[in-house]
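J.: here is the input, now give the coordinates:
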Amino acid sequence: MVIDTLGAMFNESVKQNASKLALGFVGERALTYHEVFQKVNSVIAFLESKGIEKGDKIGILSTNQPNWGIAYFAIVSMGAVVVPILPDFSESEIENVLTHAEVKALFVSENLYRKIDNEKLPNLELIMLVDNFSEISHNGIFDQPSFTNEDILPQKEYRVEKDDLASIIYTSGTTGKSKGVMLSHWNLTFTVKGSGKIHNITSKDRLLSILPLSHTYENTVAFLLPFAGGATIWYLRKPPVPSVLMPALLEVKPTIMLSVPLIIEKVYKGKVLPSINSKVATRILYKFAPTRKLLNLVAGKKLMATFGGCVEFFGIGGAKLDPTVEKFLIEAKFPYAIGYGLTETSPLLAGFDSFKGKYQTTGPAMDGVTLKINNPDPITGEGEIWAKGDNVMKGYYKEPELTADVITPEGWFRTGDLGCFDKTGYLSIRGRLKNMIVGASGENIYPEEIEEIINRFKHVLESVVVQKKGKLVAMVHFNMEELESKYAYLKDQANQYVENYLNELTKELQLYVNSKVNKFSKVQLVVAQIEPFEKTATKKIKRFLYY
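T.: Below you'll find the model as predicted:
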């Protein structure tokens, strides 16, 4: 049986795993696959009663929770189109998405309902509280749940085809304007199938979901894939700050987790390094490879215990992983895995399983996907990565010209990323084509590579390298909390000392960076960025704000 629609995938998994736990909040009773099936049918029946039909656009604006998935499967099973909206979108961004996508109905969580202005959304006919599926009237009154009988069944049969539109996902890009990426049922089920060949997920697996479900990365790899495999997916009722996340990890003991580089980099810089640097002996021993590896191995065991002790697959995607952190993970024998892709490719293009990686690569192409370097540099082999496969989007919604810019007549998707392959077919990413800076003599400068060096410097949290008036400028966000605690004992004079130290630090950083880069990539100015950089849902810096 070929499963090529999300509804068919859902039904097959329910049939195989009916009595197993499917979706739940940590610390509470999880719903079984059969109970999820009943709730999905109830939601479909309710949507039918409100006149929702195949092809209608239905939004989900909600924090992660079991009912997010129930709403999602109800929408796609009846052939309607789901429009997931990132919770951190502003009110105007949400309004633009709902208007541009012509959203007819919306599932919204209570904590995000304040972002909806009914008066500006005349086409929005139905608003439902996703927390308990109650209907919200246009004057903002939360009614009683719209249905209580979970035995209720849909009245219609829905014929959904593989090439039917399943989802429109609006990107929160690093370059500015959001675009509506149109993904078909086959785009998504193809990616689920291919991802499962990288790491097989079964009903024995437990996943703790901490990234937004409305982002393709989490949606496909941490929701659709584990659901198809019969795993149990757990959610948090509160944001995943350490005080919430740490107890949850110990309770769930996940076998699978998905993360973005920033999370694991914070763990390394905030816990591993300070622990090693706190003693003179370990600080000295860490400078020598044999003893560093032993110390990293010990730290790796502690890290594994922090994550519950059962992790078999710790997926990292959404941005490039810091080389120093990756070296630590390798030496710590931590089961990390890297994936590479874009919203436009549903999202996975390449990836490797735990313990099958190569340093600073994203692994080989996913099964069924063809990758090539277009017009590679004859010396370095670098060029723009082009992709072809059944996971490439149908196009940008209502944007035929933009679609034509990124999908060639032969069906190649131009990723906008620069990369190269090694002899074994493992892909390495150099940076974004749009971020690349052309030097005075025509040389290519990759800001991401300079940023990697900057981010390894003491007290640095993150950075952005840009070109301003022909000069390379490094904007650097230092760990102000760390610096302020250093001089806290000076009380009233602390601020002055921090400011003086910051000035010295920027000079020292400039010398450090310029000693490690080629002559074309030397930084002319270092500027302290006091506030954290604004980021996308996958914690990538919105670079366009700082050009």
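J.: beta-bridge partners for the nearest residue to residue 365 once chain neighbours are set aside, please?
T.: Of all residues beyond its chain neighbours, the one nearest residue 365 is residue 371 (4.6 Å), with distances taken as Cβ to Cβ, 6 or more residues apart in numbering. (Glycine included, C-beta is placed from N, CA and C.) On the basis of DSSP bridges, residue 371 is bridged to residue 387.
J.: residue 371 reaches residue 351, doesn't it?
T.: No - look at residue 371 against residue 351 with Cβ atoms under 8 Å: they stay out of range, at 11.7 Å.
J.: you'd agree residue 33 is up against residue 20?
T.: Yes - taking Cβ under 8 Å as the definition, residue 33 is a contact partner of residue 20 at 5.7 Å.
J.: so what's residue 517 up against?
T.: Taking Cβ atoms under 8 Å, 6 or more residues apart in numbering, we find residue 517 in contact with 449-450, 453, 523.
J.: so which of those residues is the closest to residue 299?
T.: residue 453 (22.9 Å; Cβ to Cβ).
J.: from the chain's centre, how far out does the helix or strand that closest one falls within sit?
T.: Using DSSP states H and E, residue 453 sits in helix 447-454. In terms of Cα atoms, centre = their mean, to the nearest Å, the centre of helix 447-454 is set 21 Å apart from its chain centre.
J.: picking up where we left off before, what is the burial count for the residue nearest to residue 365?
T.: 22 (other Cβ atoms under 10 Å).
J.: circling back to that earlier point, quick one: common contacting residues for residue 33 and residue 20?
T.: In contact with both residue 33 and residue 20: residue 230, using Cβ under 8 Å, 6+ apart.
J.: more crowded one of the two?
T.: residue 33 (22 against 17).
J.: distance-wise, check that one relative to residue 162.
T.: 23 Å (Cβ to Cβ, to the nearest Å).
J.: where does the chain have low pLDDT?
T.: 1, 139-151, 172-177 (pLDDT under 70).
J.: how is it divided into domains?
T.: Split into domains by automatic domain parsing, the chain comes to 6-201, 456-546.
J.: pick the most deeply packed of those domains.
T.: domain 6-201 (a mean of 19; mean count of other Cβ atoms under 10 Å).
J.: how far does it sit from its chain's centre?
T.: With Cα atoms, centre = their mean, you get 19 Å for domain 6-201.
J.: show the end-to-end separation of that domain, please.
T.: 17 Å (Cα to Cα, to the nearest Å).
J.: ok, now stretch 468-484?
T.: First-to-last residue span, stretch 468-484, Cα to Cα: 30 Å.
J.: hmm, who's touching that stretch?
T.: 437, 440, 445, 450-451, 454, 459-467, 494, 498, 501-502, 505-506, 509-510, 513, 521-533, 546.
J.: now intersect these with the strands, please.
T.: 437, 445, 460-467, 525-528 (DSSP state E).
J.: just the closest of the residues you listed to residue 62, please.
T.: Closest to residue 62, out of all of the ones in strands among the contacts of stretch 468-484 and judged by Cβ to Cβ, is residue 462, at 28.4 Å.
J.: now the residue nearest to the closest one when sequence neighbours are not counted: how far from residue 273?
T.: Excluding the flanking residues, the one nearest residue 462 by Cβ to Cβ, 6+ apart is residue 477, at 5.0 Å. To residue 273, residue 477 is 17 Å away according to Cβ to Cβ.
J.: as TSV, the contacts of residue 517 with distance to residue 488 would be great.
T.: What follows is the contacts of residue 517, written out as TSV (distance: Cβ to Cβ, whole Å):
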residue	distance to residue 488
449	36
450	32
453	30
523	31
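J.: got a winner among those residues for most neighbours?
T.: residue 450 (24 neighbours).
J.: hmm, that one is touching residue 522, no?
T.: No - assessed by Cβ under 8 Å, residue 450 is found out of contact with residue 522, at 9.1 Å.
J.: please enumerate the shared neighbours of those two.
T.: In contact with both residue 450 and residue 522: 472, 513, using Cβ under 8 Å, 6+ apart.
J.: returning to that earlier point: what's the helix holding residue 453 packed up against?
T.: Judged by 3 or more Cβ pairs under 8 Å, 6 or more residues apart in numbering; DSSP states H and E, helix 447-454 is in contact with strand 427-432, strand 460-468, strand 471-478, helix 494-514.
J.: one step back: and of the contacts of residue 517, the nearest to residue 2?
T.: Using Cβ to Cβ, the contacts of residue 517 come closest to residue 2 at residue 449, 43.5 Å.
J.: could you double-check that the closest one sits in contact with residue 432?
T.: No - applying Cβ under 8 Å, one finds residue 449 not in contact with residue 432, separated by 12.0 Å.
J.: from residue 388, how far off is residue 411?
T.: 6 Å.
J.: neighbour-wise, which of the two wins?
T.: residue 388 (19 against 12).
J.: with adjacent residues omitted, what lies nearest to the more buried one?
T.: Residue 388's closest residue in space is residue 370 (Cβ to Cβ, 6+ apart), at 4.6 Å.
J.: so who does residue 10 touch?
T.: 37, 40, 73, 76-77, 227.
J.: using the three-state scheme, assign it.
T.: Three-state call for residue 10 (DSSP: H, G, I helix; E, B strand; the rest coil): helix.
J.: the chain should start at 437 in everything you say after this.
T.: With the count now opening at 437, the last piece we talked about shows up as residue 446.
J.: what's the distance between it and residue 459?
T.: Taken as Cβ to Cβ, the span from residue 446 to residue 459 is 12 Å.
J.: and what of residue 603?
T.: 19 Å.
J.: what's residue 487 sitting at in phi/psi?
T.: phi 90, psi 10 (degrees, to the nearest 10).
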